[in-house]
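In: Next input, structure requested:
(one chain, ligands or ions: 1)
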Amino acid sequence: MHTKIDTLFANLWQDYLSITPSAKKVHDLLGGQNGTSELINDHVAFRTFNIGKINLDKLAAHFLALGYEEKGQYQFEQKKLVAKHFEHADTTKPKVFISELLVEEFSQPVQKIIAKMVANIAEDAATHSDFLYSGTHWTINSEEYDLLLEESEYAAWMSAWGFRANHFTVSVNHLEHFQVLADVNNQLKDAGFVLNTAGGEIKGGPDVHLAQSSTMADKIEVQFADKPKVIPSCFYEFAQRFTLPSGTLYQGFVAASADKIFESTNAKNN
Ligand code: NI
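Out: Have a look, this model is predicted:
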(Lines give C-alpha, C1' and ligand atoms only; values in the text may rest on other atoms or scores of the structure.)
Protein backbone atom coordinates (compact mmCIF):
# COMPACT_ATOMS: atom_id res chain seq x y z
CA MET A 1 0.00 0.00 0.00
CA HIS A 2 1.27 3.43 -0.91
CA THR A 3 1.35 5.95 1.89
CA LYS A 4 1.16 9.71 1.31
CA ILE A 5 4.93 9.80 1.81
CA ASP A 6 5.53 7.17 -0.88
CA THR A 7 3.24 9.02 -3.28
CA LEU A 8 5.10 12.29 -2.72
CA PHE A 9 8.49 10.67 -3.35
CA ALA A 10 7.14 8.81 -6.40
CA ASN A 11 5.98 12.13 -7.85
CA LEU A 12 9.32 13.76 -7.02
CA TRP A 13 11.14 10.83 -8.62
CA GLN A 14 9.15 11.07 -11.88
CA ASP A 15 9.79 14.81 -12.08
CA TYR A 16 13.50 14.26 -11.36
CA LEU A 17 13.76 11.57 -14.07
CA SER A 18 12.16 13.92 -16.60
CA ILE A 19 15.19 16.24 -16.46
CA THR A 20 17.82 13.70 -15.32
CA PRO A 21 17.82 10.91 -17.91
CA SER A 22 21.03 9.38 -16.51
CA ALA A 23 19.30 8.71 -13.17
CA LYS A 24 17.34 5.80 -14.64
CA LYS A 25 20.57 4.24 -15.96
CA VAL A 26 22.32 4.69 -12.62
CA HIS A 27 19.31 3.25 -10.86
CA ASP A 28 19.27 0.16 -13.10
CA LEU A 29 23.04 -0.26 -12.85
CA LEU A 30 22.90 -0.48 -9.05
CA GLY A 31 20.19 -3.11 -9.00
CA GLY A 32 16.93 -1.20 -9.11
CA GLN A 33 15.64 -2.65 -12.39
CA ASN A 34 12.26 -3.55 -10.98
CA GLY A 35 11.30 -0.14 -9.70
CA THR A 36 12.39 2.34 -7.07
CA SER A 37 11.30 0.11 -4.21
CA GLU A 38 14.45 -1.99 -4.56
CA LEU A 39 16.78 0.93 -3.90
CA ILE A 40 16.55 2.71 -0.58
CA ASN A 41 17.08 6.45 -0.79
CA ASP A 42 19.31 7.85 1.92
CA HIS A 43 17.99 11.34 1.32
CA VAL A 44 16.41 13.69 -1.19
CA ALA A 45 17.61 17.31 -1.39
CA PHE A 46 15.78 20.54 -2.13
CA ARG A 47 16.89 24.11 -2.77
CA THR A 48 15.15 27.46 -2.27
CA PHE A 49 15.65 31.13 -1.37
CA ASN A 50 15.28 32.60 2.15
CA ILE A 51 12.32 34.72 1.07
CA GLY A 52 9.19 34.36 3.23
CA LYS A 53 6.66 32.86 0.90
CA ILE A 54 8.92 30.07 -0.38
CA ASN A 55 11.67 29.74 2.28
CA LEU A 56 13.11 26.58 3.83
CA ASP A 57 10.33 26.42 6.43
CA LYS A 58 7.65 26.52 3.72
CA LEU A 59 9.21 23.51 2.00
CA ALA A 60 9.77 21.76 5.33
CA ALA A 61 6.09 22.16 6.26
CA HIS A 62 5.20 19.51 3.67
CA PHE A 63 7.44 16.98 5.41
CA LEU A 64 6.53 17.97 8.98
CA ALA A 65 2.89 17.32 8.00
CA LEU A 66 3.93 13.78 6.98
CA GLY A 67 5.54 13.06 10.35
CA TYR A 68 9.11 14.18 9.65
CA GLU A 69 11.13 15.91 12.39
CA GLU A 70 13.94 18.44 12.16
CA LYS A 71 17.22 16.79 13.19
CA GLY A 72 20.12 19.00 12.11
CA GLN A 73 21.18 22.49 11.01
CA TYR A 74 24.08 23.38 8.72
CA GLN A 75 25.83 26.54 7.49
CA PHE A 76 27.74 27.07 4.25
CA GLU A 77 29.42 30.44 4.65
CA GLN A 78 31.21 30.57 1.31
CA LYS A 79 28.16 29.53 -0.68
CA LYS A 80 25.93 31.80 1.49
CA LEU A 81 23.52 29.01 2.36
CA VAL A 82 21.94 27.45 5.39
CA ALA A 83 20.31 24.02 5.53
CA LYS A 84 18.32 21.68 7.76
CA HIS A 85 17.77 17.96 7.61
CA PHE A 86 14.64 16.05 8.55
CA GLU A 87 14.06 12.40 9.44
CA HIS A 88 11.04 10.13 9.65
CA ALA A 89 10.56 7.57 12.43
CA ASP A 90 10.29 4.94 9.67
CA THR A 91 13.97 4.77 8.71
CA THR A 92 13.19 3.26 5.29
CA LYS A 93 11.77 6.68 4.34
CA PRO A 94 14.39 9.01 2.82
CA LYS A 95 15.84 11.73 4.97
CA VAL A 96 15.18 15.21 3.61
CA PHE A 97 17.87 17.88 3.19
CA ILE A 98 16.59 21.41 2.50
CA SER A 99 18.87 24.39 1.92
CA GLU A 100 18.07 28.06 1.34
CA LEU A 101 20.17 30.79 -0.25
CA LEU A 102 20.80 33.90 1.87
CA VAL A 103 19.67 36.32 -0.83
CA GLU A 104 20.55 39.53 1.06
CA GLU A 105 24.25 38.59 0.97
CA PHE A 106 24.43 38.98 -2.83
CA SER A 107 24.83 42.04 -5.09
CA GLN A 108 21.91 44.34 -5.89
CA PRO A 109 21.57 43.04 -9.51
CA VAL A 110 21.36 39.43 -8.27
CA GLN A 111 18.89 40.35 -5.52
CA LYS A 112 16.77 42.18 -8.09
CA ILE A 113 16.53 39.17 -10.43
CA ILE A 114 15.64 36.84 -7.55
CA ALA A 115 13.05 39.30 -6.20
CA LYS A 116 11.46 39.49 -9.65
CA MET A 117 11.30 35.69 -9.88
CA VAL A 118 9.78 35.30 -6.42
CA ALA A 119 7.28 38.15 -6.98
CA ASN A 120 5.80 36.03 -9.75
CA ILE A 121 4.96 33.16 -7.39
CA ALA A 122 1.37 33.07 -6.09
CA GLU A 123 1.17 33.95 -2.36
CA ASP A 124 -0.19 30.52 -1.42
CA ALA A 125 1.82 28.47 -3.96
CA ALA A 126 4.01 26.86 -1.29
CA THR A 127 0.96 25.36 0.42
CA HIS A 128 -0.13 23.41 -2.67
CA SER A 129 0.37 19.65 -2.46
CA ASP A 130 2.43 19.61 -5.68
CA PHE A 131 4.60 22.61 -4.76
CA LEU A 132 7.74 20.53 -4.09
CA TYR A 133 7.84 19.51 -7.77
CA SER A 134 6.22 22.58 -9.32
CA GLY A 135 9.35 23.79 -11.12
CA THR A 136 9.71 27.45 -12.04
CA HIS A 137 6.95 30.01 -11.49
CA TRP A 138 8.65 32.68 -13.63
CA THR A 139 10.50 33.30 -16.87
CA ILE A 140 14.06 34.59 -17.08
CA ASN A 141 16.37 35.22 -19.99
CA SER A 142 19.79 33.70 -20.56
CA GLU A 143 21.60 36.92 -19.61
CA GLU A 144 19.91 36.90 -16.21
CA TYR A 145 20.87 33.24 -15.79
CA ASP A 146 24.49 34.10 -16.62
CA LEU A 147 24.46 37.04 -14.22
CA LEU A 148 23.24 34.81 -11.40
CA LEU A 149 25.85 32.20 -12.34
CA GLU A 150 28.64 34.76 -11.87
CA GLU A 151 27.83 35.01 -8.16
CA SER A 152 26.05 31.78 -7.29
CA GLU A 153 25.77 28.49 -9.16
CA TYR A 154 22.93 27.68 -6.74
CA ALA A 155 20.95 30.83 -7.66
CA ALA A 156 21.40 30.09 -11.35
CA TRP A 157 20.22 26.50 -10.87
CA MET A 158 17.13 27.71 -9.00
CA SER A 159 16.32 30.25 -11.73
CA ALA A 160 16.31 27.55 -14.41
CA TRP A 161 14.76 24.62 -12.51
CA GLY A 162 12.77 26.04 -9.61
CA PHE A 163 11.17 23.77 -7.02
CA ARG A 164 11.91 20.06 -7.44
CA ALA A 165 14.26 17.40 -6.07
CA ASN A 166 17.83 18.55 -6.71
CA HIS A 167 19.12 15.02 -6.19
CA PHE A 168 18.15 11.59 -4.96
CA THR A 169 20.73 9.60 -2.98
CA VAL A 170 21.24 5.86 -3.06
CA SER A 171 21.85 4.32 0.36
CA VAL A 172 24.96 2.19 -0.20
CA ASN A 173 24.29 0.43 3.14
CA HIS A 174 21.12 -1.03 1.64
CA LEU A 175 22.59 -2.18 -1.70
CA GLU A 176 22.54 -5.91 -2.27
CA HIS A 177 25.54 -6.20 -4.58
CA PHE A 178 27.87 -3.56 -3.14
CA GLN A 179 29.41 -3.20 0.31
CA VAL A 180 31.45 -0.02 0.02
CA LEU A 181 31.16 3.32 -1.75
CA ALA A 182 34.44 2.91 -3.66
CA ASP A 183 33.01 -0.17 -5.42
CA VAL A 184 29.88 1.76 -6.39
CA ASN A 185 32.05 4.56 -7.78
CA ASN A 186 34.13 2.10 -9.82
CA GLN A 187 31.01 0.49 -11.27
CA LEU A 188 29.68 3.93 -12.24
CA LYS A 189 32.97 5.00 -13.85
CA ASP A 190 33.23 1.69 -15.75
CA ALA A 191 29.75 2.44 -17.13
CA GLY A 192 30.94 5.85 -18.30
CA PHE A 193 29.46 8.15 -15.66
CA VAL A 194 31.41 11.24 -14.66
CA LEU A 195 31.78 11.68 -10.91
CA ASN A 196 32.12 14.96 -9.01
CA THR A 197 35.78 15.18 -7.98
CA ALA A 198 35.54 18.44 -5.97
CA GLY A 199 37.21 17.66 -2.67
CA GLY A 200 38.03 14.14 -3.93
CA GLU A 201 35.77 11.51 -5.42
CA ILE A 202 34.71 10.38 -1.94
CA LYS A 203 33.75 13.15 0.45
CA GLY A 204 34.07 12.25 4.13
CA GLY A 205 34.61 8.70 5.35
CA PRO A 206 34.51 6.56 8.50
CA ASP A 207 36.10 9.36 10.57
CA VAL A 208 33.02 11.55 10.08
CA HIS A 209 30.67 8.53 9.90
CA LEU A 210 29.46 9.40 6.39
CA ALA A 211 31.04 8.90 2.96
CA GLN A 212 29.42 10.51 -0.08
CA SER A 213 29.99 10.69 -3.80
CA SER A 214 27.91 11.95 -6.71
CA THR A 215 27.67 12.07 -10.48
CA MET A 216 28.04 15.39 -12.25
CA ALA A 217 24.62 16.74 -13.22
CA ASP A 218 23.12 15.90 -16.60
CA LYS A 219 23.18 18.66 -19.23
CA ILE A 220 19.76 19.59 -20.57
CA GLU A 221 18.57 22.22 -23.02
CA VAL A 222 16.42 24.85 -21.33
CA GLN A 223 14.28 27.32 -23.23
CA PHE A 224 15.02 30.74 -21.70
CA ALA A 225 12.92 33.79 -22.63
CA ASP A 226 15.41 34.78 -25.34
CA LYS A 227 17.01 31.52 -26.48
CA PRO A 228 17.68 27.90 -25.58
CA LYS A 229 20.81 27.02 -23.62
CA VAL A 230 22.28 23.71 -22.45
CA ILE A 231 22.84 23.78 -18.68
CA PRO A 232 23.29 21.34 -15.75
CA SER A 233 20.07 19.82 -14.37
CA CYS A 234 20.18 17.28 -11.53
CA PHE A 235 22.60 14.61 -10.29
CA TYR A 236 22.59 11.35 -8.33
CA GLU A 237 24.32 10.96 -4.98
CA PHE A 238 25.59 7.86 -3.14
CA ALA A 239 25.94 7.69 0.63
CA GLN A 240 27.52 5.13 2.94
CA ARG A 241 26.88 5.57 6.64
CA PHE A 242 29.03 4.25 9.49
CA THR A 243 28.16 3.28 13.05
CA LEU A 244 28.79 5.68 15.92
CA PRO A 245 30.65 4.53 19.06
CA SER A 246 27.16 4.00 20.54
CA GLY A 247 26.54 1.33 17.90
CA THR A 248 23.83 3.20 16.01
CA LEU A 249 24.21 4.26 12.40
CA TYR A 250 25.06 7.97 11.99
CA GLN A 251 22.07 9.77 10.44
CA GLY A 252 23.33 13.35 10.17
CA PHE A 253 25.13 15.23 7.43
CA VAL A 254 28.67 16.61 7.19
CA ALA A 255 28.77 20.25 6.12
CA ALA A 256 32.28 20.05 4.60
CA SER A 257 31.16 17.17 2.37
CA ALA A 258 27.80 18.69 1.45
CA ASP A 259 29.67 21.84 0.45
CA LYS A 260 31.48 19.85 -2.26
CA ILE A 261 28.35 17.90 -3.27
CA PHE A 262 26.69 21.25 -4.11
CA GLU A 263 29.28 21.59 -6.88
CA SER A 264 27.75 18.68 -8.81
CA THR A 265 25.57 21.21 -10.63
CA ASN A 266 28.46 23.56 -11.37
CA ALA A 267 28.03 24.90 -14.90
CA LYS A 268 31.57 26.24 -15.12
CA ASN A 269 33.69 23.20 -14.32
CA ASN A 270 31.89 20.28 -15.92
NI1 NI B 1 22.84 15.09 -0.77
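
In: so how far is the first residue of stretch 221-228 from its last?
Out: Using C-alpha to C-alpha, to the nearest Å, one end of stretch 221-228 lies 6 Å from the other.

In: List the buried residues for that stretch?
Out: Going by neighbour count (16 or more other C-beta atoms under 10 Å), the buried part of stretch 221-228 is 222, 224. Using the backbone N, CA and C atoms, a C-beta is placed for each residue, glycine as well.

In: same question for that stretch, mean pLDDT?
Out: Averaging pLDDT along stretch 221-228 gives 97.

In: what separates it from the chain centre, distance-wise?
Out: In terms of C-alpha atoms, centre = their mean, to the nearest Å, the centre of stretch 221-228 is found 23 Å from the chain centre.

In: What lies in contact with it?
Out: Stretch 221-228 is touched from outside by 139-143, 145, 160, 229-231, with contacts defined as C-beta atoms under 8 Å, 6 or more residues apart in numbering.

In: Greatest separation within these: which pair is it?
Out: The most widely separated members of those are Thr139 and Val230, with 18.0 Å between them, by C-beta to C-beta.

In: if you count what's nearby, which of these two comes out ahead?
Out: Set Thr139 next to Val230 and count neighbours by other C-beta atoms under 10 Å: Thr139 wins out with 14 against 10.

In: if I read this right, Thr243 contacts Tyr250, doesn't it?
Out: Yes: contact criterion C-beta atoms under 8 Å: Thr243 and Tyr250 qualify, at 7.2 Å.

In: picking up where we left off before, which of the contacts of stretch 221-228 tops the neighbour count?
Out: Of all the contacts of stretch 221-228, Ala160 has the most neighbours under the rule other C-beta under 10 Å, reaching 24 neighbours.

In: helices or strands up against the helix or strand hosting that residue?
Out: If you go by DSSP states H and E, Ala160 is part of helix 153-161. Counting contacts by 3 or more C-beta pairs under 8 Å, 6 or more residues apart in numbering; DSSP states H and E, helix 153-161 packs against strand 41-49, strand 95-101, helix 108-119, helix 142-151, strand 228-232.

In: Give me the contact list for that helix.
Out: 19, 47-49, 79, 81, 99, 101, 106, 110, 113-114, 117, 135-136, 138, 140, 144-146, 148-149, 166, 222, 224, 231-234, 262-263, 265-268.

In: sorry, back to before: list the residues that contact both of Thr243 and Tyr250?
Out: His209.

In: what's across from the residue of the stretch 151-270 of the chain found nearest the ion in the sheet?
Out: Per C-beta to the ion, Glu237 is where the stretch 151-270 of the chain lies closest to the ion, at 4.5 Å. Beta-bridge partners for Glu237, by DSSP bridges, are Thr169, Ser214.

In: if I pick it, what's in contact with it?
Out: Contacts for Glu237 (C-beta under 8 Å, 6+ apart) come out as 42-43, 45, 167-170, 212-215, 261, 264.

In: Okay, strands next: where are they in this structure?
Out: Listed in chain order, the strands of the chain (DSSP state E) span 41-49, 69-76, 81-87, 95-101, 167-171, 203-205, 210-214, 219-223, 228-232, 235-241.

In: What strands line up against the second one, and which way round?
Out: Which is strand 69-76. strand 81-87 (antiparallel).

In: I would like the residues contacting the partner strand, please.
Out: The contact list for strand 81-87 (C-beta under 8 Å, 6+ apart) reads 43, 50, 56, 60, 63-64, 68-76, 95-102, 154, 251-253, 258, 262.

In: Across the sheet, point out what pairs with the closest residue to the ion within the stretch 1-150 of the chain.
Out: Minimum separation of the stretch 1-150 of the chain from the ion (C-beta to the ion) falls at Ala45, amounting to 4.5 Å. Here Ala45 sits in beta bridges with Phe97, His167, going by DSSP bridges.
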